[in-house]
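Asker: Below is the structure, and that's it, no one-letter string:
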């Protein structure tokens, strides 16, 4: 069971029985550590023990690129309604934040990553996220395996060749199942949406994922003047 060790604005992931070494001292994590415990370094500095939760994955998993941000993960889960015991096909694993989130919900996730080194890191991240038993990270291109995968309740894609998978969606999805494609570019999003309509998927729509933080201070409340929080586009469709 991975736990988060917190001291002020510092956070570290550790397993029971492991050691933490910082400038605050050395801390041995007990085998029977539990969230809510307080642990002390040999110099007397205290760390609070916190349970690993979904948002922690974004900040602490080893990165092989830009991971999907929590708000995009939340939008995907909310739009397609991923549930425990759902069978999910994912492609473009990357760091594996989305796959790990879905695994922690209780879904059975099969995810493909073309880069062998990225796939190795993703497998290690699944162990860190405590979802190694329900997330299967495979090295390779998902388009080479589509004929032998069976059907899924949900398909999530973050790949340049997403339209090639969308073409097969009517055969890959159970009735009522969803496919959702993330893309940072409008051109790719348009191709995905047009392909989804061409193969007869229903309820095809595209959303831009964007948000604004609010500044709240003594002068008043207003949207932050920092850059607008655009990350990309989600195209969602469903098999009737």
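Answerer: Perfect, thanks for sending it. Since we're looking at a predicted model, the values are computed, not measured.

Asker: switch to C-alpha atoms for all contacts and neighbour counts from now on
Answerer: Fine.

Asker: what kind of secondary structure is the residue most central in space within the chain in?
Answerer: Nearest residue to the geometric centre of the chain (Cα atoms, centre = their mean): residue 98, 1.6 Å. Three-state assignment for residue 98 (DSSP: H, G, I helix; E, B strand; the rest coil): helix.

Asker: is it true that it touches residue 66?
Answerer: No: look at residue 98 against residue 66 with Cα atoms under 8 Å: they stay out of range, at 12.0 Å.

Asker: you'd agree residue 52 is up against residue 2?
Answerer: Yes: assessed by Cα under 8 Å, residue 52 is found in contact with residue 2 at 6.5 Å.

Asker: Find residues that contact each of these two.
Answerer: Common contacts of residue 52 and residue 2 (Cα atoms under 8 Å, 6 or more residues apart in numbering): residue 129.

Asker: The strand ranked longest in the chain - contacts with which helices or strands?
Answerer: In the chain, with assignment by DSSP state E, the single longest strand is strand 173-183. Judged by 3 or more Cα pairs under 8 Å, 6 or more residues apart in numbering; DSSP states H and E, the packing partners of strand 173-183 are helix 70-80, strand 152-157, helix 186-198, strand 232-238.

Asker: Read off the pLDDT value for residue 66.
Answerer: Looking at residue 66, its pLDDT reads 87.

Asker: again with residue 3
Answerer: The per-residue pLDDT reported for residue 3 equals 95.

Asker: which residues does the closest residue to residue 213 other than its chain neighbours contact?
Answerer: Leaving aside its chain neighbours, residue 213 sits nearest to residue 224 (5.5 Å; criterion: Cα to Cα, 6 or more residues apart in numbering). Applying Cα under 8 Å, 6+ apart, we find residue 224 in contact with 212-215.

Asker: swap the cut-off to 10 Å and go again
Answerer: Applying Cα atoms under 10 Å, 6 or more residues apart in numbering, one finds that residue 224 lies in contact with 212-216.

Asker: Roughly how far does it sit from residue 42?
Answerer: Distance, residue 224 to residue 42, using Cα to Cα, to the nearest Å: 42 Å.

Asker: mind listing the helices for this protein?
Answerer: For the chain, the helices defined by DSSP state H occupy 54-60, 70-80, 97-105, 116-128, 162-166, 169-172, 186-198.

Asker: and the fourth one, which residues are buried?
Answerer: By neighbour count, and taking 16 or more other Cα atoms under 10 Å as the criterion, the buried residues in helix 116-128 are 118-119, 121-126, 128.

Asker: Nearest to residue 17 among those?
Answerer: Among the buried residues of helix 116-128, residue 128 lies closest to residue 17 (Cα to Cα), at 14.4 Å.
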